[in-house]
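Trainee: For reference, the sequence and a predicted model appear below.
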Amino acid sequence: MSSPTDDRPFDLIERLSLWLSSFCLIGMTVLMLLEVVLRGVFNSTTEHSDELVGYLLVGVSFLSLALCQSRGAFHRVEMVQMRLGPGGKAVSALVFDILSFAYVALTAWYFLQFVMSSYRREAVAPTVLATPLWIPQTAMIAGAVLLLIVLGRAIVRDVRELGT
């Protein structure tokens, strides 16, 4: 399992996850600052910043999952892990990663069905912008796919650790 203090260089998937989620976070910050300045100085508003910030929040949440998983940033329950030997830890990690992969794959499949349904129905947000909902929903699929790639690599690593 990756430790939170992992100092190896970012690989392509991690960099992609980092840049996409960073773009969303920077966009959120810029929109909120713009809204504060417009309201405070010009007594005006963008009228759409809350909607756009909400979409970007979904992007940050889903697009950062792969980076968090690969860098060991998720919480772990170590009470059982501490009592296991190296072989037990390897088996435990493999089982957990396989179950996580299966869950995320199933969830990604339903995300895909959800986005395709929104696209076919031409569903739009009930706002002035009338954003086609499949656009922000696509971040869920992209984040899940990136996470699946990272989990797949973790499974391969876990199998190799079992062999040693």
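Mentor: Structure's in. What do you need? Nothing here was measured: the structure is a model prediction, and the numbers come from that model.
Trainee: can we go C-alpha only for contacts and neighbour counts from here?
Mentor: Will do.
Trainee: which residue packs closest to residue 44, ignoring adjacent ones?
Mentor: Nearest non-adjacent residue to residue 44, counting by CA to CA, 6 or more residues apart in numbering: residue 38, 5.2 Å away.
Trainee: what's around residue 80, how many residues?
Mentor: As a burial measure, residue 80 scores 10 neighbours (other CA atoms under 10 Å).
Trainee: From residue 97, how far out is it?
Mentor: For residue 80, the distance to residue 97 equals 16 Å [CA to CA, to the nearest Å].
Trainee: Ok, residue 32 next?
Mentor: For residue 32, the distance to residue 97 (CA to CA) stands at 37 Å.
Trainee: and residue 109, how far is that from residue 120?
Mentor: From residue 109 to residue 120 the distance is 16 Å (CA to CA).
Trainee: More neighbours: these two, which one.
Mentor: Using other CA under 10 Å, the more surrounded residue of residue 109 and residue 120 is residue 109, with 15 against 10.
Trainee: Spell out which helix or strand contains that one, please.
Mentor: Element membership of residue 109, judged by DSSP states H and E, is helix 86-120.
Trainee: Helix or strand next in line after that helix, which one?
Mentor: Sequence order places helix 134-163 as the next helix or strand after helix 86-120, per DSSP H and E.
Trainee: and the angle from that next one to helix 86-120?
Mentor: Angle, helix 134-163 to helix 86-120, by axes from the mean of the first three to the mean of the last three CA atoms, to 10 degrees: 160 degrees.
Trainee: Quick one: distance of helix 134-163 to the chain centre.
Mentor: Relative to the centre of its chain, helix 134-163 is centred 10 Å away, using CA atoms, centre = their mean, to the nearest Å.
Trainee: For that helix, which helices and strands make contact with it?
Mentor: Using 3 or more CA pairs under 8 Å, 6 or more residues apart in numbering; DSSP states H and E as the contact definition, the elements that helix 134-163 packs against are helix 12-42, helix 49-63, helix 65-70, helix 86-120.
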